[in-house]
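build me a structure from this.
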Amino acid sequence: MVRVGPHWDVVRAPEALGGRALELLGGASGAVIADYNLMYWLIRPGSAQYWRRIRQVQTLGTGRVETSYIGVPPVDRTSGPYLHWRVPLGPGRYLTDADRLREALARAAVAELGIDEEADR
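Presented below is the predicted three-dimensional model:
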């Protein structure tokens, strides 16, 4: 388990929503950790601190009252369903741009859940 916050924050989404967002991001996604039916993107600390809420998506790390930890798999574990890298770490593939990720997740929520983020406030 690794503490979220000092080096990166995390955005967590369920597999169905996260998978759709991953398709929308394409090559723009950084590394992604998967564990059973959840996906975790690593983002720059504080970059999602003021996001508007997206249903079923959580941000963990900077600016939160509670301390969060996530499991980080060994670099060579790239299959699951248990803890693994859905998108492995690699040169130039570490953190995901938080603004692009938010846009992809918002679009995925509309497609997968049939909801508009404006109606979800």
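
check contacts around Leu95.
Counting by CB atoms under 8 Å, 6 or more residues apart in numbering, Leu95 touches Trp8, Gly30, Ala31, Leu42, Ile43, Arg44. Where C-beta positions appear, they are placed from N, C-alpha and C, glycine not excepted.

let's see 6 Å
Gly30, Leu42, Ile43, Arg44 (CB atoms under 6 Å, 6 or more residues apart in numbering).

and if you look at Ala98?
Ile43, Ser47, Ala48.

once you drop chain neighbours, what's closest to the second one?
Meaning Ser47. Sequence neighbours aside, Ala98 is the residue nearest to Ser47 in space, at 3.7 Å (criterion: CB to CB, 6 or more residues apart in numbering).

Asp35 now?
Leaving aside its sequence neighbours, Asp35 sits nearest to Leu83 (CB to CB, 6+ apart; 4.6 Å).

correct me, but the one you found touches Tyr36?
No: with contact defined as CB atoms under 6 Å, Leu83 and Tyr36 do not form a contacting pair (8.5 Å).

on that earlier part again, could the contacts of Ala98 go into TSV alongside neighbour count, secondary structure and pLDDT?
Converted to TSV, the contacts of Ala98 look like this (neighbours: other CB atoms under 10 Å; DSSP: H, G, I helix; E, B strand; the rest coil; pLDDT from 0 to 100):
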residue	neighbour count	secondary structure	pLDDT
Ile43	25	strand	96
Ser47	21	coil	92
Ala48	23	coil	87
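
could I get those residues as JSON lines with distance to Thr78?
As requested, the contacts of Ala98 are exported to JSON lines (distance: CB to CB, whole Å):
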{"residue": "Ile43", "distance to Thr78": "21"}
{"residue": "Ser47", "distance to Thr78": "26"}
{"residue": "Ala48", "distance to Thr78": "25"}
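
element containing Arg12, please.
In this structure, Arg12 is located in strand 9-14 according to DSSP states H and E.

other SSEs contacting that strand?
Under the contact definition 3 or more CB pairs under 6 Å, 6 or more residues apart in numbering; DSSP states H and E, strand 9-14 sits against strand 38-43, strand 58-60.

ok, back up a step: could you measure from the residue nearest to Asp35 over to Arg55?
The spacing between Leu83 and Arg55, counted by CB to CB, to the nearest Å, is 25 Å.
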